[in-house]
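**Q** here's a sequence, model it:
(one chain, ligands or ions: 1)
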Amino acid sequence: MDGGSRTNDVQVELDSVEAELEHLELQIAELLQKQAELTSRKNALVQQLEEACDAAQPSSSSSSSSSSSSKSSVADSVMSTQELKLYDGTDFPWSKDTEQHLKGSFRLSKFRPLQLRAINLTMSGKDLFLVMPTGRGKSLCYQLPAVCSKGFTLVISPLVSLMEDQIMYLKSINVSAVLMNASCSKEHTKAVMAGMTDPKAPFKLVYVTPEKIAKSKLLMSRLEKAYNASLLSRIAVDEVHCCSQWGHDFRPDYKLLGILKRQFPKVPLLGLTATATSSVLRDCQKILCVPQPIAITASFNRPNLYYEVRMKDSDSDASLSDIASLIKNRYKDQSGIVYVFSQKDAEVVSAELQKRDILAYSYHANMNPDDKSLVHRKWASNKIRVVVATVAFGMGIDKPDVRFVIHHTISKSIENYYQESGRAGRDDHPADCIIYFGFPDIFRISTMVVMENVGQQKLLQMVDYCQNVDRCRRSLMAVHFDEVWDNEGCNQMCDTCRHAKDYTTVDITQHARQVVQILELAASMDEKLTPLKLVDAWTGKGPAKRRKMIETTTLSRPQAETVIVQLLVQGYLSEDFSFTPYTTYFYMKLGRKACFLKNQSHTLRMKMRTKENGTAKVRAVVPPTPTGRQADKDTSTVKANEGDNTFDPIVPDNSCLPQHKQKLTPEHRNKSAKRKLNPVSQTDQWTERWTDRDKKLTDRCAEEEDKSGFIMSQHVFEVDVEINIMRNSGVSDAQKNPSHADKHCSRNESTAPQRVRQKGLIDDTQSLTVNSSPSQISIISDTAAEELCDLRKYYSKQLRRINYISHEYLGQSREPGVLACIREPWRNLRLPHRVKFSQTAWSLWTRVSGRRKVGQTEVRPVIHGAKE
Ligand SMILES: Nc1ncnc2c1ncn2[C@@H]1O[C@H](COP(=O)(O)OP(=O)(O)OP(=O)(O)O)[C@@H](O)[C@H]1O
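**A** This is a model prediction of the structure:
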């Protein structure tokens, strides 16, 4: 064995070991995920058991508070469920006072689930993390204790607008609160600082930004004095997830808040958030230096919210019309929010909705504060119905009767989505949360979050939420927040539960292989494909040269996109970013699992919609909305479109999939023709479609093969084909005028769109001459000329690169001719499936020459430097 082949063998073995290792790693990852799910399920079951036991025993002080909807993760180590339940009682020293203020000051009749427990815990001096869905009333859990305690509560909040809203509200109920930020006057700041150490201070709550804590030594010294005088009664950290960079809204200044607990260890700290996983909470615990916090997590389920994902039409006008139709019909005269991706989108979408007679205003961070506040106020007072907003319209939006939150573009994470959609239905009445899920949007957002630590990961989770029709939407969300939910709990309040029958499991293995092959081919040509180009290529929309080199799909574009998204989410594809000084590009590359598709036994399945519920199409099948309203008027549109949108299942039968081009026997052809006559099942229709397509391909090949006499290899490689068409000027003319004959097939004469014109100009008997090699002329039919022009177009782009590179390497001018001179750089080129370059060039040449109507002496192309 020589050294070269030994190295090869080692390389092959190394590849195989690496692939196996990767496979194992994936299996381990999958097992770990399974373990996490089971642990989570186990905890839920243990809790159910405990509760069942509790119910069987006489309870000491449990109240009516809905403990069933709570769990404690950090709390497990500190307090048992039974102990926690003790805090649902109303027999604490402060209970009378809190009850009085609840009704008197806050004008509320009763506590919502877990509010009382949280209030009792913080009043008992415990450190507490309260994770409660947005709009469930977290603020009351520190505002009420503040009113019932001596001294004041320090509230750290991330946004000034949020603080202002709270202070306005507190003022309206006669609870005095102040805020301190950089824009406050000196006098105001001085008065607040002085009040902090005054036992008769005129305020119960002091709101500050985390920056203020980090930067103001004066504030820290006043807080210290207040602490020593026992006047700092509590510290509330709102949006506590901002501490953790694993949270969705990390803020660097939150990282410095650990100083508070270090300096004021006896003051109970209350961290509040609507969205934090247990890992985020653990991180917050460390950052805030809270030794043993109790965490109470209310159920994330918002039973009154209906979740739906709609496929976004690639035609932006159509998706806007769909949104407009919803607002005008289903949500007529109701209040809602349309979330968009960017400030520009906010302007554009609001203008488009206005054009469709909807009173919609935009809202984004770049507006001046007065305009923002005007829009907010008008919307809050129902003077305008719809706000088209970026995420700037978020925290602190507390309008109870928001009946719909529509996402014109997906959110960048599930946490974000949960929070944004959570603005709906705060009054506990039914409300809808609808996402328009668009393929290009994924990549717009992706390039935006590329710099964030876990931005891509979170975005893919969001994409998975939209793409996944396997599970109830709220249970997907619940799992994300470490909560276990089964589909029954949904009560058909999401589209996947409601339309379970419209989904079918399909095998996408062969489709995945096609996509992988396209990317491999692109990589072998040192080309990168954006997601849109990938879909174009796969659906046969790309340049002709690519179309001819790949297996295109007959899937509709939305179906093709769905498969690609699935491959991305599952790790068969992954993202590849490229940065320029001006922009970031997103490309697709093979993912870690792509190699598994080489294994013939590997299969890949997914659940897909059998009907696409894109623009204005779902209404026909939507039962009454959660608000009890019937389907709106766009049902007619639906019916008209329904037939077009049936999603045929994808069949795993390999025999039906596009095959390598083969000669078709008469039996095959007959069989195929016969099948056409018989009624076919849905599966057969799909099969038929593939077979039809396959037949067309193979028939065409067979024709060519009949002429050329052998089966053409599918592995063609670009070589230069210079086609020079001359209108029947005759062989001698061309020979007389070689410069004219050498002219490249110009656009006017070569590209597909010109075919018709050519046909019109040239009669059937007319022939064209083609300069078949630098010294040869052939006469060919116009159809063959078209084919050649097509072929030329097919190869020309890549050829330019080849010529460019060979030019660079060899420093020689390009020689016009049928086949370009491809020399040294290509000698060692690895072609797919070890096909030699010369073979593929020869195949091409045979194809070209097979088209000749009147051939001259057959001339084998000169392929310089190519090894046979
Ligand atoms: N016990 C209660 N009964 C009725 N309404 C309540 C109760 N507690 C709070 N609310 C109301 O619920 C609404 C939302 O409260 P709050 O702003 O505290 O929610 P939140 O959980 O802090 O939401 P976000 O995460 O969006 O800030 C407010 O209008 C509040 O008055």
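**Q** near the ligand, which residues of the stretch 101-250 of the chain show up?
**A** Residues of the stretch 101-250 of the chain that fall close to the ligand, judged by Cβ under 6 Å from any ligand atom: 108, 111-112, 115, 132, 134-140. C-beta here means a position set from N, CA and C on the backbone, and glycine is covered the same way.
**Q** 8 Å instead?
**A** For the stretch 101-250 of the chain, the residues in contact with the ligand (Cβ under 8 Å from any ligand atom) are 102, 106, 108-112, 115, 132-141, 162, 169, 238-239.
**Q** can you say which of those are buried?
**A** Buried members of those, scored by 16 or more other Cβ atoms under 10 Å, are 102, 106, 108, 111-112, 115, 132-141, 162, 169, 238-239.
**Q** in helices, which of these appear?
**A** Counting by DSSP state H, the part of those found in helices is 102, 115, 140-141, 162, 169.
**Q** how about these in a markdown table, adding distance to Thr505 and pLDDT?
**A** Putting these into a markdown table (distance: Cβ to Cβ, whole Å; pLDDT from 0 to 100) gives the following:
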| residue | distance to Thr505 | pLDDT |
| --- | --- | --- |
| Leu102 | 51 | 96 |
| Gln115 | 43 | 95 |
| Leu140 | 46 | 96 |
| Cys141 | 45 | 97 |
| Leu162 | 45 | 81 |
| Tyr169 | 50 | 90 |
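**Q** show me which pair in the residues you listed is furthest apart.
**A** Largest separation among those by Cβ to Cβ: Leu102 and Leu162, giving 22.6 Å.
**Q** for stretch 524-536, buried residues please.
**A** Neighbour-count burial for stretch 524-536 flags 528-536 (criterion: 16+ other Cβ under 10 Å).
**Q** outside of it, which residues touch it?
**A** 439-440, 442-443, 515, 518-519, 522, 537, 541-542, 557, 560-561, 564, 576, 578, 585-589, 798, 830-832 (Cβ atoms under 8 Å, 6 or more residues apart in numbering).
**Q** kindly report the same for stretch 463-474.
**A** Stretch 463-474 is contacted from outside by 301-302, 305, 307-309, 410, 414, 417, 435, 437, 442, 476-477, 480, 485-487, 489-490, 493-497, 503, 562, 565-566, 568-569, 606-609, using Cβ under 8 Å, 6+ apart.
**Q** give me the buried subset of these.
**A** Buried members of the contacts of stretch 463-474, counted by 16+ other Cβ under 10 Å: 301-302, 305, 307-309, 410, 414, 417, 435, 437, 442, 476-477, 480, 485, 487, 489-490, 493-497, 503, 562, 565-566, 568-569, 606-609.
**Q** got the residues of the stretch 451-600 of the chain near the ligand?
**A** With the criterion set to Cβ under 8 Å from any ligand atom, the stretch 451-600 of the chain never comes near the ligand.
**Q** can you tell me the residue of the stretch 451-600 of the chain closest to the ligand?
**A** For the stretch 451-600 of the chain, the residue closest to the ligand is Phe481, as judged by Cβ to the nearest ligand atom, at 13.6 Å.
**Q** enumerate every residue touching that residue.
**A** Phe481 neighbours (Cβ under 8 Å, 6+ apart): 131, 275-277, 297, 300, 418.
**Q** widest-spaced pair of those residues?
**A** Farthest pair in those (Cβ to Cβ) is Thr297 and Tyr418. Separation: 13.3 Å.
**Q** give me the neighbour count for the residue in the stretch 301-450 of the chain that the ligand sits nearest to.
**A** Nearest to the ligand in the stretch 301-450 of the chain, going by Cβ to the nearest ligand atom, is Asp398, at a distance of 4.7 Å. Residue neighbour count, defined by other Cβ atoms under 10 Å, stands at 16 for Asp398.
**Q** next, it: phi, psi?
**A** Main-chain dihedrals, Asp398, degrees, to the nearest 10: phi -130, psi 60.
**Q** I'd say it and Leu162 touch.
**A** No: using Cβ atoms under 8 Å, Asp398 is not in contact with Leu162; the gap is 9.8 Å.
**Q** list the buried residues of whichever strand or helix holds His511.
**A** Here His511 sits within helix 509-524, counting by DSSP states H and E. Neighbour-count burial for helix 509-524, counted by 16+ other Cβ under 10 Å, picks out 509-519, 521-522.
**Q** with pLDDT added, can I get these in a markdown table?
**A** Formatted as a markdown table, the buried residues of helix 509-524 follow (pLDDT from 0 to 100):
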| residue | pLDDT |
| --- | --- |
| Thr509 | 94 |
| Gln510 | 93 |
| His511 | 95 |
| Ala512 | 95 |
| Arg513 | 95 |
| Gln514 | 94 |
| Val515 | 95 |
| Val516 | 95 |
| Gln517 | 92 |
| Ile518 | 93 |
| Leu519 | 93 |
| Leu521 | 89 |
| Ala522 | 88 |
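**Q** widest-spaced pair of these?
**A** Across the buried residues of helix 509-524, the longest distance by Cβ to Cβ is 20.6 Å; it joins Thr509 and Ala522.
**Q** re the thing from before, let's see which of the contacts of Phe481 end up in strands.
**A** Judged by DSSP state E, the subset of the contacts of Phe481 located in strands is 131, 297.
**Q** re earlier: dump the residue contacts of the residue of the stretch 301-450 of the chain closest to the ligand.
**A** 135, 165, 426.
**Q** just the pLDDT for it.
**A** Residue-level confidence at Asp398 comes out at 78, pLDDT.
**Q** what do you get for Val78?
**A** Looking at Val78, its pLDDT stands at 68.
**Q** then the one 3 residues further on?
**A** pLDDT, Thr81: 82.
**Q** just the one 4 residues further on next, same as before
**A** At Lys85 the predicted local distance difference test score is 90.
**Q** can we start the residue count at 103 from this point?
**A** In the new count, where the first residue is 103, that last one comes out as Lys187.
**Q** mind listing the helices for the stretch 103-252 of the chain?
**A** Taking DSSP state H, counting those that start in this stretch as the criterion, the stretch 103-252 of the chain carries its helices at 105-158, 183-187, 197-206, 217-225, 242-250.
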